[in-house]
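S.K.: Just a sequence and a predicted model for now, questions to come.
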Amino acid sequence: SWADSSQVPLDRDYEGYGEPSTRAAAGYIDMNGELQTAPQGTACQTVLYSCAPCCVDPCGEQRRGEYLKSLKSFSVPLALLQILLFIVSLCLHGFTAPSVNPMLGPPVTSLLTLGAKQGYLIQKGAVWRFLTPMLLHAGIIHLLMNMLCQWRFGLFLERRWGTPKFAAVYLAAGLGATLLSCLWTPNRISVGASGALMGIMGAFIADIILNWNNLQRTQRKLLLGQTLFWVTIALLLGISPLVDTGAHLGGLIVGLGVGFMVHSNIPKTQLHRIISLAIPAILLSIFFLVGLICFWTVVKCAVFPPMP
């Protein structure tokens with residue numbers, strides 16, 4: 001039966017929970033931040049249960065209630081805004097040919113109008129383009145991939161951390177993603193929430209590390225393994241010309257650092273709390289300060305739009 005599962009919350013006392021079932025082949029984390037482990041099934045069922053448990057095990061009243069509560073979160077209005085802006089981008093100039101945009105979306109002119117990242121325009125004063133790219137998407141495929149990740153990870157992590165911490169990680173990672181993208185490929189036009197989502201995963205890794213001694217071995221493997229798997233997939237996709245590797249790395253680095261800062265209350269000793277807060281704060285300050293100085297003084301962006 002798929003209903004046989006154990007719950008292990010990361011942020012509670014672990015005594016009494018015991019070791020998860022050795023029969024567990026996969027798991028997922030529910031809307032309250034609880035680790036759910038699923039008994040063995042086919043490979044297809046295992047993957048599907050990990051990503052969307054309701055597709056395999058029908059949602060009960062409790063799980064439906066958890067999803068209804070999530071509608072009041074930061075993640076849902078944010079996703080609706082991202083979807084709305086994608087519709088607006090299509091209304092401006094419609095779809096472009098798939099040979100031009102394989103993501104099935106609008107032409108680049110529409111994305112630039114709405115605030116896509118482009119180094120030369122930012123250097124000329126359009127500094128809002130450091131943040132607006134995380135609200136835009138290049139096409140239907142791009143939007144669906146990011147919304148799936150945002151729904152799967154964002155909703156439960158916001159419930160677990162609280163909206164202020166989640167929003168701080170998301171926005172800081174999005175800013176860091178655009179900054180490193182401007183240093184990595186300053187002349188490239190790019191959009192997408194994937195940098196901010198990489199930051200969310202980075203902050204979750206920090207959460208797991210700070211909770212390390214509270215976790216059983218199986219729990220560590222399950223939580224860290226799933227997160228690192230998705231992070232690795234995202235980084236490997238960087239070999240594609242359509243993926244902004246700089247944004248992914250920037251979001252991951254900033255998310256990891258901010259994650260240690262917002263979870264600095266987890267360590268039991270005052271010294272460890274200070275270390276988990278101060279060191280990431282110093283390193284992130286250096287990252288942003290040096291990055292911004294280099295972008296405006298060292299990076300030479302090509303004139304945009306190109307001169308005839």
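M.R.: On my side now, so go ahead. Numbers count the residues shown, from 1 in each chain.
S.K.: residues in contact with I83?
M.R.: Contact analysis of I83 by C-beta atoms under 8 Å, 6 or more residues apart in numbering lists L143, M147. Backbone N, C-alpha and C define where each C-beta goes, glycine included.
S.K.: Next one: it from T163, what distance?
M.R.: Counting by C-beta to C-beta, to the nearest Å, the gap from I83 to T163 is 20 Å.
S.K.: next one: F287
M.R.: Between F287 and T163 the computed distance is 25 Å (C-beta to C-beta).
S.K.: Neighbour count for the two, which is higher?
M.R.: Higher neighbour count among F287 and T163: F287, with 17 against 13, using other C-beta atoms under 10 Å.
S.K.: The more buried one against I253, yeah?
M.R.: Yes - under the criterion of C-beta atoms under 8 Å, F287 makes contact with I253 at 6.9 Å.
S.K.: center of this protein - which residue?
M.R.: Nearest to the centroid of the C-alpha atoms of the chain, with distances taken as C-alpha atoms, centre = their mean, sits L197, at 1.3 Å.
S.K.: Touching, it and N146? I think so.
M.R.: Yes - assessed by C-beta under 8 Å, L197 is found in contact with N146 at 6.3 Å.
S.K.: chain center to the strand or helix carrying Q219, what's the gap?
M.R.: Assessed by DSSP states H and E, Q219 sits inside helix 217-236. Mean-position distance between helix 217-236 and its chain equals 13 Å (C-alpha atoms, centre = their mean, to the nearest Å).
S.K.: average pLDDT across it?
M.R.: Mean pLDDT, helix 217-236: 78.
S.K.: immediately after it, which helix or strand?
M.R.: Per DSSP H and E, the first helix or strand lying C-terminal to helix 217-236 is helix 245-262.
S.K.: orientation of that following helix relative to helix 217-236 in degrees?
M.R.: Relative orientation of helix 245-262 versus helix 217-236 (axes from the mean of the first three to the mean of the last three C-alpha atoms, to 10 degrees): 150 degrees.
S.K.: Provide a complete list of residue ranges assigned to strands in this structure.
M.R.: In the chain, the segments counted as strands under DSSP state E are 7-9, 24-29, 34-39.
S.K.: what's the least confident stretch among these?
M.R.: Looking at the strands of the chain, the bottom one is strand 7-9 with a mean of 36.
S.K.: Stretch 148-158: which residues count as buried?
M.R.: Within stretch 148-158, the residues that count as buried by 16 or more other C-beta atoms under 10 Å are C149, Q150, W151, R152, F153, G154, L155, F156, L157, E158.
S.K.: From the residues you listed, which shows the smallest pLDDT?
M.R.: R152 (76).
S.K.: on that earlier part again, going by distance to G257, which of the buried residues of stretch 148-158 wins?
M.R.: Of all those, G257 sits closest to L157, with 16.4 Å by C-beta to C-beta.
S.K.: In this structure the closest one contacts I200, no?
M.R.: Yes - counting by C-beta under 8 Å, L157 does reach I200; the two are 6.2 Å apart.
S.K.: who touches both of the two?
M.R.: Common neighbours of L157 and I200, counting by C-beta under 8 Å, 6+ apart, are F166.
S.K.: can you tell me how far W151 sits from I83?
M.R.: W151 is 12 Å from I83, where distance means C-beta to C-beta.
S.K.: and L235, how many neighbours?
M.R.: Number of residues near L235 (other C-beta under 10 Å) recorded here: 15.
S.K.: got a list of what M103 touches?
M.R.: M103 makes contact with H137, A138, G139, I140, I141, H142, L242, according to C-beta under 8 Å, 6+ apart.
S.K.: Grab the nearest non-local neighbour of the first one.
M.R.: What that stands for is H137. Nearest non-adjacent residue to H137, counting by C-beta to C-beta, 6 or more residues apart in numbering: L143, 4.1 Å away.
S.K.: For the one you found, give me its contacts.
M.R.: Applying C-beta under 8 Å, 6+ apart, we find L143 in contact with Q82, I83, F86, G105, H137.
S.K.: and what of V191?
M.R.: Counting by C-beta under 8 Å, 6+ apart, V191 has contacts L111, A116, K117, P133, L136, H137, A138.
S.K.: any idea how far it is from L197?
M.R.: 13 Å.
S.K.: Also T245?
M.R.: Distance from T245 to L197, by C-beta to C-beta: 15 Å.
S.K.: got it, and P102?
M.R.: 21 Å.
S.K.: And for H263?
M.R.: H263 sits 18 Å away from L197, going by C-beta to C-beta.
S.K.: Right, I'll leave it there.
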